[in-house]
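> Here is a sequence together with a model predicted from it:
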Amino acid sequence: MEDLMKLRESIDEIDNEIVRLYKERMEISKHVAEYKITAGKKVFDKTREDEKLEKLSALADDDFLRHGIVELFEQIMSTSRKKQYQLMTEHGIVEKEDFTEVDSLDFSNARIVFQGVEGAYSQLAMKTYFGENCNGYNVDTWKDAMEDIKCGKADYAVLPIENSSAGIVSENYDLLVEYDNYIVGEQIIRIDHSLMGLPGAKISDIRTVYSHPQALMQCSDFFDEHKDINQVAVRNTAFSAKKVKDDGDITQAGIASHISADIYGLQVLESCIQNNKNNATRFIIVSAKKVCRRDSDRISICFETPHKSGALYHMLAHFIYNGINMLNIQSRPIPDKAWEYRFFVDFEGRFTDTAVQNALRGIREEAIALKILGTY
């Protein structure tokens, strides 16, 4: 026991010395930052850091220690950079995001596009956000909607981005990268799925149910209880109702909003068949213009990291060190890079916040690519 106490005392002495040297190193890094600010140099010098890590790891006697030394000094250098980013902001060196701020978005003569047919949840989200009498029209695909705002045919598009039960709408995440369109708002609506068929039909008559893949997934408990029913995916929930009406087959049913039953003259066979009775979908409002409200307090970005261990942690650490609350993080594969991913992050804050400026500066310097998707 006495030997253990002595060992712990020795460790405490070493730890205290490490802290003293760490504080000394951070003080020196402030002077390095002052030089870089004066000389107009970037904070992140990847070549120099890689060379330094190689030299330091070569001092180790085995692979375990080599790995530990690299991990330790990567963290030390990362922390040093964050301090330097903060000092640059304190010196007024700020990269202003080129979004036009407005007191409110003008919807008076706006044309809005949504994907689907009459009765789609996207239409419901559109009317909830823009008003019942807004000037909206529909297209076949989400890509069509993005094309229409890109070319100016529409001013805004309404796209589902995330469901509380089924998760993200991955195609729309990818479209946010493919197009130079920007998120300017969001609308969350409750999703209640109804099973609907021709007038006079009963559930026992149904052999085939049509709906969007996510809606089918959200109603998996219903299908577990009706294993004899065949599920067929279509491009939109409301389209499934239209198909049932057009086909006129009593063995067919659709899953959609109850509004679709009214629109297409169908009978609701069972209401609220989704697994999660608090089911909701978040829709984003997208524009081709880089515009935002002055009171926007949520920012969405996507970035690509170097394909190496710890890269994502170092990106997310910019939020941690600046006290920024992340609201959501998702990943999507990069099409031309097998097993590599880009990351989408929503977080609280405004472009004018010092913490946000520090975090975005760090990610912009250290990531392979960064895109601001919008603030709303």
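Right, received. Where do you want to start?
> Measure how buried residue 266 is and give me the count.
A count of nearby residues for residue 266, using other Cβ atoms under 10 Å, gives 24. No exception for glycine: its C-beta is placed from N, CA and C like everyone else's.
> Can you classify the closest residue to it other than its chain neighbours as helix, strand or coil?
Leaving out its chain neighbours, the residue that sits closest to residue 266 by Cβ to Cβ, 6 or more residues apart in numbering is residue 196, at 4.2 Å. Secondary structure assignment for residue 196 (DSSP: H, G, I helix; E, B strand; the rest coil): strand.
> give the contact list for residue 196.
Each residue near residue 196 by Cβ atoms under 8 Å, 6 or more residues apart in numbering is listed here: 241, 244, 253-256, 258, 260-261, 266-269.
> Point to the helix or strand of the chain where mean pLDDT is at its lowest.
Ranked by mean pLDDT, DSSP states H and E, the weakest helix or strand in the chain is strand 167-168, scoring a mean of 90.
> For residue 332, give its distance to residue 343.
8 Å (Cβ to Cβ, to the nearest Å).
> next one: residue 57
Look at residue 57 and residue 343: by Cβ to Cβ, they are 28 Å apart.
> Could you do residue 357 as well?
20 Å.
> Show me what the longest helix along the chain packs onto, helices and strands only.
The longest helix of the chain (DSSP state H) is helix 2-39. Secondary-structure packing of helix 2-39 (3 or more Cβ pairs under 8 Å, 6 or more residues apart in numbering; DSSP states H and E): helix 63-90.
> Tell me if I am right that residue 282 is in a strand.
Yes: membership of residue 282 in a strand is supported by three-state DSSP.
> Show me which residues of the helix or strand where residue 145 lies are buried.
Per DSSP states H and E: residue 145 is located in helix 142-150. Buried residues in helix 142-150, counted by 16 or more other Cβ atoms under 10 Å: 142-143, 145-149.
> residues in contact with it?
Taking Cβ under 8 Å, 6+ apart as the rule, helix 142-150 contacts 113-115, 139, 154-159, 169, 171-172, 175, 178-181, 286-288.
> Please verify my assumption that residue 372 contacts residue 301.
Yes: taking contacts as Cβ atoms under 8 Å, residue 372 lies within contact range of residue 301: 5.5 Å.
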